[in-house]
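**Q** got a predicted structure here, sequence first:
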Amino acid sequence: MTEPLQILTQDAYSMAYQLLGKREDVLDVLQDAAAVALSHDSAPPRNSDEFKPWFFKVVRNRALDKLRRMQRFSHEPIQDETSVASSINEPQMQMEQIELKQDISRALSALKFEQREIVLLKDYHGFNYAEIAEVLDIPQGSVMSRLHRARMALRKILVDSRNN
């Protein structure tokens, strides 16, 4: 695998993991997506700005295919493989950071799949509206409205969980 594709695959791993939740499934999806990226005739050049959104779209589509095959749009908590920053020295702050990450993970898992993926693309992976529109194959205006609704739903889940 070429180096730029390898780096991009590492970035896409996080999104696929947050959508699928199982490492084995993610590795299958990424292997399929990388094979497509290396062999697809109409793929954008790997060194172009268009390649990253195109590749994430392939990863997303492969993840959706995997979910459909497994018939599970579950509400299992998304597990984040990143650790809390080691620069936090105070145990109380560490606990608060861990609890916040767990709350957000549970809230994301409670969202509908379509809401979860748009929040992940924008807020976790830093895609702009045009890139998200390309990945999801929807108009850019729809990205903005769906993202707004998804964030409002996420906020409601977080507020409700704090009040209970």
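**A** Perfect, thanks for sending it. Residues are numbered from 1 along each chain as shown.
**Q** what residue ranges in this structure score low on pLDDT?
**A** 1-5, 71-95 (pLDDT under 70).
**Q** domain parsing for it?
**A** Taking automatic domain parsing as the criterion, the chain consists of the domains 1-74, 89-164.
**Q** as TSV, the ones you listed with mean neighbour count would be great.
**A** To be clear about C-beta, it is placed using only N, CA and C from the backbone, and glycine gets the same treatment. Supplementary listing: the domains of the chain in TSV, determined by neighbours: other CB atoms under 10 Å:
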stretch	mean neighbour count
domain 1-74	16
domain 89-164	15
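**Q** how about the helices in this structure?
**A** Along the chain, the stretches classed as helices by DSSP state H are 3-20, 23-39, 51-70, 91-110, 113-119, 129-136, 140-163.
**Q** just the C-alphas of the last one, formatted as CSV.
**A** Extracted in CSV, the C-alpha atoms of helix 140-163 (Å, rounded to 0.1, in the frame of the first residue of the first chain):
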residue,chain,number,x,y,z
GLN,A,140,-24.7,20.6,0.8
GLY,A,141,-27.8,22.3,2.2
SER,A,142,-29.0,18.9,3.5
VAL,A,143,-25.7,18.4,5.2
MET,A,144,-26.2,21.6,7.2
SER,A,145,-29.8,20.9,8.2
ARG,A,146,-29.1,17.2,9.0
LEU,A,147,-26.0,18.2,11.0
HIS,A,148,-28.0,20.8,13.0
ARG,A,149,-30.8,18.2,13.8
ALA,A,150,-28.2,15.6,14.7
ARG,A,151,-26.4,18.0,17.1
MET,A,152,-29.7,19.0,18.7
ALA,A,153,-30.6,15.3,19.2
LEU,A,154,-27.2,14.7,20.7
ARG,A,155,-27.6,17.7,23.0
LYS,A,156,-31.0,16.4,24.1
ILE,A,157,-29.7,13.0,24.9
LEU,A,158,-26.8,14.5,26.9
VAL,A,159,-29.1,16.8,28.8
ASP,A,160,-31.6,14.1,29.5
SER,A,161,-28.9,11.7,30.8
ARG,A,162,-27.6,14.4,33.1
ASN,A,163,-31.1,15.0,34.5
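**Q** distance between that helix and the chain's centre?
**A** Relative to its chain's centre, helix 140-163 lies at 16 Å (CA atoms, centre = their mean, to the nearest Å).
**Q** and what of the shortest one?
**A** Between the centre of helix 113-119 and the centre of its chain there are 8 Å (CA atoms, centre = their mean).
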